[in-house]
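Asker: Sequence and predicted structure are below.
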Amino acid sequence: MIKFGHQIFYMSIFNDTKIAFADRSTAQLEKAKWMFTAIQYPSLTNIGIGALNFTIKNNFPLVEDIVKNTLFEQFCGGETREQSMKVVDKMFNHHIGSIFDYAIEGKEEEEAFDITCKEIKENINFAVGNPAIPFVVFKPTGFGRLDLYTEVTAGKELTNSEKEEWQRVRTRYEEVCQLAFEKKVILMIDAEETWMQGAVDDLVNEMMERYNQEKAYIWNTIQMYRTGRIEYLKADLERAKSKNYFLGYKFVRGAYMEKERERAAEMNYPDPIQPTKEATDDNYNAAVDFVIENLDRVSAFFGTHNEKSTELALDKMKALGLAHDDERLHFGQLYGMSDNITYYLGENKYNASKYLPYGPVKDVVPYLTRRAQENTSVAGQTGRELSLLKKELKRRKGN
């Protein structure tokens, strides 16, 4: 950190905007600057989201075109997996992988769950032998209703029809996990709200025990803004050692803080979220230590937009003399965000990836609006994006 007068400048290895925006045209950067400027105001963002959801739901084609050329272009690869390959190939030229994220949210019909399951299987087959696609991922609520997961997590007695429904959820997990194992493709299962996560963790642990006997093919996601996660990891590790299988984790901070706090207050149970941003950061960095200390059994994907946590992991790799491309350690950010981190990692031949959402514009709107809201709620994130965009635009104009 360097101080000049009243201004403070943070020295960072992730400040090279020429590397960060190598794949973005000046026009794209101008558009991104406009968009991040707009979404830095929570009240304006919430009004815009309400209007957007209404217009998309009521089939206003002009609005869909606007979304496609702004939010969708910034945060998504394309409407289909095949369309997204242009982005995949471009990023892989910079040693950056892509993780296809079928970004359809909010569906609750069995038919929709079956379609998502089929899509994930196709993603697994698509990833076979393709180093540009190092992981496949799915959201638990893509395979079953949130309320059903919640009941199972709470240990409630299910009706006969709910038991049959839960068995269909289990079958979807079993089918994709078995296929990933057979095809030797790493499959990550995302994390969601705490009140449904227990059922997900139990399912994923069962799949890890079954399919991770030779290496970690099935990976769980751990939200480090939650309390008790280090203890959870330690218990996981003891179980894996006793049953002789490997563990794979994606580590994130988390994306449902306001919702989690509100529900805990309304239902009068302890807040499951760390009390401060600093406590969350400490918890995340403790997870980095946990992985580094247990690499004989644990592989990790550090999904973070936090520069300090990323640099901490790099420092620990260096201290141990680990290769930049050690197959047990990966880093990733969301497409359209924190390119300064991802492209630095790619430039230096670390295992770097982008989460690359795709899907029909209308169906992806819930994902896009959630992404916009998250940007407004993460302290400093939007401001950091804007400062980097402005820096690169200034650099280009000076050339």
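Answerer: Sure, I can see it.
Asker: Low-confidence bits of the stretch 1-150 of the chain, can you list those?
Answerer: 1-11, 41-63 (pLDDT under 70).
Asker: Tell me which stretches of it form strands.
Answerer: Secondary structure of the stretch 1-150 of the chain, counting by DSSP state E, counting those that start in this stretch: strands at 2-4, 7-9, 96-102, 135-138.
Asker: show me the contacts for D190.
Answerer: Contacts here follow C-beta atoms under 8 Å, 6 or more residues apart in numbering; on that basis D190 touches 137-140, 221, 250. For every residue, glycine as well, the C-beta is placed using N, CA and C.
Asker: Make TSV from these and add neighbour count and distance to G303 to it.
Answerer: Listed next are these as TSV, based on neighbours: other C-beta atoms under 10 Å; distance: C-beta to C-beta, whole Å:
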residue	neighbour count	distance to G303
V137	22	10
F138	23	15
K139	20	14
P140	23	16
T221	24	8
K250	24	5
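Asker: Which pair of the residues you listed spans the longest distance?
Answerer: Spatially, the most separated pair among the contacts of D190 is P140 and K250, at 13.2 Å (C-beta to C-beta).
Asker: give the contact list for G336.
Answerer: Counting by C-beta under 8 Å, 6+ apart, G336 touches 32, 74-76.
Asker: ditto for L312
Answerer: For L312, the contacting residues are 285, 288, by C-beta under 8 Å, 6+ apart.
Asker: where's it, which helix or strand?
Answerer: For L312, the element it lies in under DSSP states H and E is helix 307-319.
Asker: Could you do W219 as well?
Answerer: Using DSSP H and E, the element containing W219 is strand 218-223.
Asker: what comes into contact with that strand?
Answerer: With C-beta under 8 Å, 6+ apart as the criterion, strand 218-223 contacts 135, 177, 180-181, 186-191, 194, 197, 200-201, 204-205, 207-208, 211-212, 229, 232-233, 247-255, 287, 299, 301.
Asker: go on, stretch 253-272?
Answerer: Against stretch 253-272 from outside (C-beta under 8 Å, 6+ apart): 191-195, 223-228, 273, 280, 284, 304, 306, 370, 374, 377.
Asker: and with 7 Å instead?
Answerer: Here stretch 253-272 makes contact (C-beta atoms under 7 Å, 6 or more residues apart in numbering) with 193-195, 223-227, 273, 280, 284, 304, 374, 377.
Asker: Kindly present the residues you listed as CSV, with separate columns for secondary structure and pLDDT.
Answerer: CSV is the format used below for the contacts of stretch 253-272 (DSSP: H, G, I helix; E, B strand; the rest coil; pLDDT from 0 to 100):
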residue, secondary structure, pLDDT
E193, coil, 95
T194, helix, 97
W195, helix, 97
Q223, strand, 97
M224, coil, 97
Y225, coil, 96
R226, strand, 97
T227, coil, 97
I273, strand, 96
T280, helix, 96
Y284, helix, 97
T304, coil, 95
E374, helix, 60
S377, helix, 49
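Asker: if I pick L388, what's in contact with it?
Answerer: Residues near L388 by C-beta under 7 Å, 6+ apart: 17, 20, 340.
Asker: Which one (most neighbours) among these?
Answerer: The residue in the contacts of L388 with the most neighbours, by other C-beta atoms under 10 Å, is N340 (26 neighbours).
Asker: and it, what is it in contact with?
Answerer: Taking C-beta under 7 Å, 6+ apart, we find N340 in contact with 14-15, 17, 20, 388.
Asker: Closest to A323 out of those residues?
Answerer: F14 (20.6 Å).
Asker: Please verify my assumption that the closest one contacts K308.
Answerer: No. In this structure F14 lies outside contact range of K308 using C-beta atoms under 7 Å: 10.0 Å.
Asker: which other residues reach the host helix or strand of R239?
Answerer: Here R239, judged by DSSP H and E, is contained in helix 229-243. Residues from elsewhere that reach helix 229-243, judged by C-beta under 7 Å, 6+ apart: 209, 222, 246-247, 283, 286-287, 290, 294, 297-298.
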